[in-house]
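no sequence for this one, just the structure:
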């Protein structure tokens, strides 16, 4: 599947999902009650996952699983894929995509890990920048890497869920194209963000490398960029990766280990 993956390269999984909506039988004194709350007793059909699109870092093809294979089987297959990843990357993935997947997994009795190593580009954009909008479409256009595909809005979801077979299949194929474009956009946005953000994994250590190697791309082609001390007089070193340009910090002890390694080799 990942023929482009290089030796000791991290397994970064970019993914996105599309879900259906709750179908309700409304019973209310006033319709305005439903602007912010609905009674769960009115649910006639639960929200389901329609499709899951994903790709691996450096892979050209985007893969998609959809509910035509059965939602339970779709979840089983994707959970195996998530288990292979060193890091699962999504936009609002922590609060939405993974929670939706976990909710449907527990409904079907599909086991998955309680936690996964993730990176949420929405969280990173909110915590590290002040964009006019943190939506993926805006950030992609802001970076000049493109935006989302346009579609007919809610009508597309309604055609998938409630249309006849021909209408539903046509709409689902359009939705899959939309979802797959989101995954490509997500990867492009991630690679623009990556030198500017703190990552949740140290891939150098994960792949058996040294602490002074680049925590993002695990390259040993790094240099010391700046030295500073804390208020307590502890020396810290700012490093820069010559491969991916990532800047990061290491302790003075780790930096001295790098110098010793250079002398020995």
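Structure received. Everything quoted here is computed from the prediction, not taken from an experiment.

run a quick neighbour tally on residue 91.
By other C-beta atoms under 10 Å, the residues close to residue 91 number 28. In short, each C-beta sits where N, CA and C put it, glycine included.

give me the phi and psi for it.
phi -100, psi 110 (degrees, to the nearest 10).

repeat that for residue 256.
phi -60, psi -30.

ok, it to residue 152 distance?
61 Å (C-beta to C-beta, to the nearest Å).

hang on, residue 104 is in a strand, isn't it?
No: remark: residue 104 does not belong to a strand; assigned using DSSP: H, G, I helix; E, B strand; the rest coil, it is helix.

OK, contacts around the residue nearest to it when sequence neighbours are not counted?
Take residue 104 and drop its neighbours on the chain: the residue closest to it by C-beta to C-beta, 6 or more residues apart in numbering is residue 49, 5.4 Å away. Neighbouring residues of residue 49 by C-beta atoms under 8 Å, 6 or more residues apart in numbering: 17-20, 67, 71, 74-75, 100-101, 104.

give the bridge partners for residue 49, please.
Counting by DSSP bridges, residue 49 is bridged to residue 19.

check it and give its pLDDT.
As predicted, residue 49 sits at a pLDDT of 98.

and it, how close does it get to residue 125?
For residue 49, the distance to residue 125 - C-beta to C-beta - is 25 Å.

can you check residue 255 too?
In terms of C-beta to C-beta, residue 255 sits 31 Å off from residue 125.

where in the stretch 101-250 of the chain is pLDDT low?
Within the stretch 101-250 of the chain, no stretch has pLDDT under 70.

show me where the stretch 51-200 of the chain has its strands.
For the stretch 51-200 of the chain, the strands defined by DSSP state E, counting those that start in this stretch occupy 63-66, 87-90, 118-120.

redo those strands as CSV? Include distance to residue 232 and mean neighbour count.
Putting the strands of the stretch 51-200 of the chain into CSV (distance: least, C-beta to C-beta, whole Å; neighbours: other C-beta atoms under 10 Å) gives the following:
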stretch, distance to residue 232, mean neighbour count
strand 63-66, 50, 20
strand 87-90, 33, 23
strand 118-120, 31, 20
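
mind giving me the packing neighbours of the helix of greatest length in the chain?
Criterion DSSP state H: the longest helix present in the chain is helix 165-193. If you count contacts as 3 or more C-beta pairs under 8 Å, 6 or more residues apart in numbering; DSSP states H and E, helix 165-193 packs onto strand 12-19, strand 49-56, strand 63-66, strand 87-90, helix 121-128, helix 136-143, helix 154-162.

would you tell me which of the ones you listed gets closest to residue 182?
For residue 182, the closest of the helices and strands packed on helix 165-193 is strand 12-19, at 4.5 Å, according to C-beta to C-beta.

listing partners with orientation, what would you give for the helix or strand just after that closest one?
Following strand 12-19 in sequence order, the next helix or strand is strand 23-24 (DSSP states H and E). Paired strands of strand 23-24, with direction, are strand 43-45 (antiparallel) (DSSP bridges).

now what about the partner strand, what contacts it?
20, 22-25.

just the buried subset of these, please.
20, 24 (16 or more other C-beta atoms under 10 Å).
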